[in-house]
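Engineer: this one's sequence-less:
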C-alpha cells in the first residue's frame, strides 16, 4: 500500500534524512513538453488511460521520479515543466520549442504554461500515475478558475503545485539560473545527454567542489 510521502517521513530515521537534505544543494529538474498545449486542462482526460501523444503519462512519471525517494519527498528539489504547444491544428512543435528556447514564441502563440512542483511545499504525494494526474488536474483548475483557487487555497493535495504563465523556456531557465541576489548563491546548469563526454556523477562532484547551491538539470521528454 502506498502512503503519502509526508506520512512516511514521520517514521524512524526521517529526521536524519531531512538534516542530510539541508546539507545538499537544491536540485531543479527542467523539462519542456512540446506536445502539451499551453492550455493543457481540456486535454487532460482522467476517465481513460493518460494520453501518450501529449505525454501526460511521461509528465506524471517525471514528477514522481524527481520528487520521491523511498516513499518520502525530496524537500530540496523542484520539478519544472513548460508546456509549449501552440493551440492551432498542424502546429510545428519542434519549431515552437526551438523558438521558445531562444526566448521567443511563434507569431500569435499564447503564453506558455509553467508547472512548478516544489518539494519543500508539497504535503501529499503518491507514487501512482493516476493520483498524480488527478492532482495535476486540480492544480490546473485552481489556476484557470480564480473562484476555485480561493476555495481550494488550503488544499493539502495541491500544496506546492504552482502553475503560472511563462513567456518562453528561455525565460524560465534564466529565472532558475539567477542567483536570487545572493553573492554566494552559485548555480550550475547540467544538460542531460546520453552522449555527453562526462558522467552525471563527475559533473555533480565538480559542482559540489565549487560550492554550488543550486543544480539545474535540463532534459527533454524525447518527443
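Structural biologist: Received, thanks. Here the structure is a predicted model, which means the values were calculated and not measured.
Engineer: Let me see the ranges of the strands in the chain.
Structural biologist: Counting by DSSP state E, the chain has these strands, from start to end: 26-37, 68-69, 72-73, 77-85, 112-118, 161-166, 186-191, 212-218.
Engineer: could you dump those to a markdown table with distance to residue 96 and mean pLDDT?
Structural biologist: C-beta: built from backbone N, CA, C; applies to glycine. Listed next are these as a markdown table, based on distance: least, C-beta to C-beta, whole Å; pLDDT from 0 to 100:
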| stretch | distance to residue 96 | mean pLDDT |
| --- | --- | --- |
| strand 26-37 | 6 | 95 |
| strand 68-69 | 31 | 90 |
| strand 72-73 | 33 | 91 |
| strand 77-85 | 5 | 97 |
| strand 112-118 | 9 | 97 |
| strand 161-166 | 13 | 96 |
| strand 186-191 | 20 | 89 |
| strand 212-218 | 17 | 92 |
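Engineer: mind checking the longest helix of this protein?
Structural biologist: helix 129-144 (DSSP state H).
Engineer: and the angle from it to strand 77-85?
Structural biologist: 70 degrees (axes from the mean of the first three to the mean of the last three C-alpha atoms, to 10 degrees).
Engineer: which residues touch helix 129-144?
Structural biologist: Residues outside helix 129-144 that contact it (C-beta atoms under 8 Å, 6 or more residues apart in numbering) are 39-41, 44, 46, 50, 56-57, 59-61, 63-64, 113, 115, 124-126, 148-149, 152, 155, 157-158, 161-164.
Engineer: coming back round to it: format the strands of the chain as a markdown table; extra columns: distance to residue 172 and mean neighbour count.
Structural biologist: Listed next are the strands of the chain as a markdown table, based on distance: least, C-beta to C-beta, whole Å; neighbours: other C-beta atoms under 10 Å:
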| stretch | distance to residue 172 | mean neighbour count |
| --- | --- | --- |
| strand 26-37 | 7 | 22 |
| strand 68-69 | 23 | 18 |
| strand 72-73 | 22 | 24 |
| strand 77-85 | 6 | 25 |
| strand 112-118 | 6 | 23 |
| strand 161-166 | 5 | 18 |
| strand 186-191 | 12 | 16 |
| strand 212-218 | 10 | 20 |
